[in-house]
Each structure stands twice: as C-alpha cells, then as structure tokens.
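Visitor: Quick one: sequence plus predicted model below, questions after.
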Amino acid sequence: EVQLVESGGGLVQAGGSLRLSCSASGFIFDDYAIGWFRQAPGKEREGVSAISNSDGSTVYKDSVKGRFTISSDNAKNTVYLQMNSLKAEDTAVYYCVAAPSPWIIAGLREDGLQYWGKGTLVTVSS
C-alpha cells in the first residue's frame, strides 16, 4: 500500500519557520520525485517545490525561492520542506505528492502525479 504521510504543520507567526516532513512507503523511493503542493482557502492548488530522489534536482515556485528549502533523506524515505520567513500568504493545506522522477523536468504541475498525501495545515498569523 502506497502511503505519503505529512507532518509538521501548525500555527506560526509571520517571519517564523516550520519544517514539514513527508514519510513515503509502498513504492521505490529512489525512482520518484517527491514534492509539495498547497491550497489556500478560496484559491487554486499550486505547486511549491519538488525534489528528484534519482539525481537530487530541485524546483521551486518563484514566490518561495530563497525562503523554502526541500531536501530528501533516502535512507529514511522522507522528504523535508524547511520553510523560513513565512508570510501570511503561505497559509494553506500542504500536500505531499509523488511522481516518477522524470516528471520534475517539466516543473510543478499536477499532470503526472501518481500519489497524494492527505495534507497538513500551515497557518501563518500576521
């Protein structure tokens, strides 16, 4: 059974930091790209960041570059999203997603995603 389990969400003040974790199981971790999408209330879902576990390549949404860092621990089958300098507009439900590694070449898009987690809520108070 494939599972993507997110953790680390919560309430933080603007300017603060959170680290999200995504623990993956049920598929060959090293062959996949793992990423994060988010959906804010009343807004469309959008891609935030992703990392290829095959070659370590990463991609970020422009508005989080320099503030968010994605990393992967292949020994633990876990991907992390370190979020610094959080802003109110980062408030959203964050979903962990997975797709075969070549998916990352074309950027953050929902087409081609195979697996989704249930999400974790991040609330940034201003």
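Guide: Arrived safely.
Visitor: show me the contacts for the most centrally placed residue in the chain.
Guide: In the chain, the C-alpha nearest the mean C-alpha coordinate belongs to residue 36, at 2.1 Å (Cα atoms, centre = their mean). Residue 36 makes contact with 20, 22, 47-50, 70, 81, 94-97, according to Cβ atoms under 8 Å, 6 or more residues apart in numbering. Glycine gets a C-beta too; all of them are placed from N, C-alpha and C.
Visitor: What residues sit buried inside the helix or strand harbouring it?
Guide: Per DSSP states H and E, residue 36 falls inside strand 32-39. Of all the residues in strand 32-39, those buried under the rule 16 or more other Cβ atoms under 10 Å are 32-38.
Visitor: ok, so of these, who is nearest residue 108?
Guide: Minimum distance to residue 108 across those is 6.7 Å, recorded for residue 35 (Cβ to Cβ).
Visitor: beta partners for the closest one?
Guide: Listed by DSSP bridges, the beta-bridge partners for residue 35 are residue 50, residue 97.
Visitor: Can you give me the pLDDT of it?
Guide: pLDDT, residue 35: 97.
Visitor: just checking, it touches residue 47?
Guide: Yes. Counting by Cβ atoms under 8 Å, residue 35 touches residue 47, with 6.6 Å between them.
Visitor: can you list residues touching both of the two?
Guide: Shared contacts of residue 35 and residue 47, defined by Cβ under 8 Å, 6+ apart, comprise residue 108.
Visitor: Now do the strands in this structure.
Guide: Per DSSP state E, the chain carries strands over the ranges 3-7, 10-13, 18-25, 32-39, 46-52, 58-60, 68-73, 78-83, 92-100, 115-116, 120-125.
Visitor: who touches the last one?
Guide: Looking back up the chat, that one is strand 120-125. Applying Cβ under 8 Å, 6+ apart, the contact partners of strand 120-125 are 6-14, 16, 18, 20, 38, 83, 86-94.
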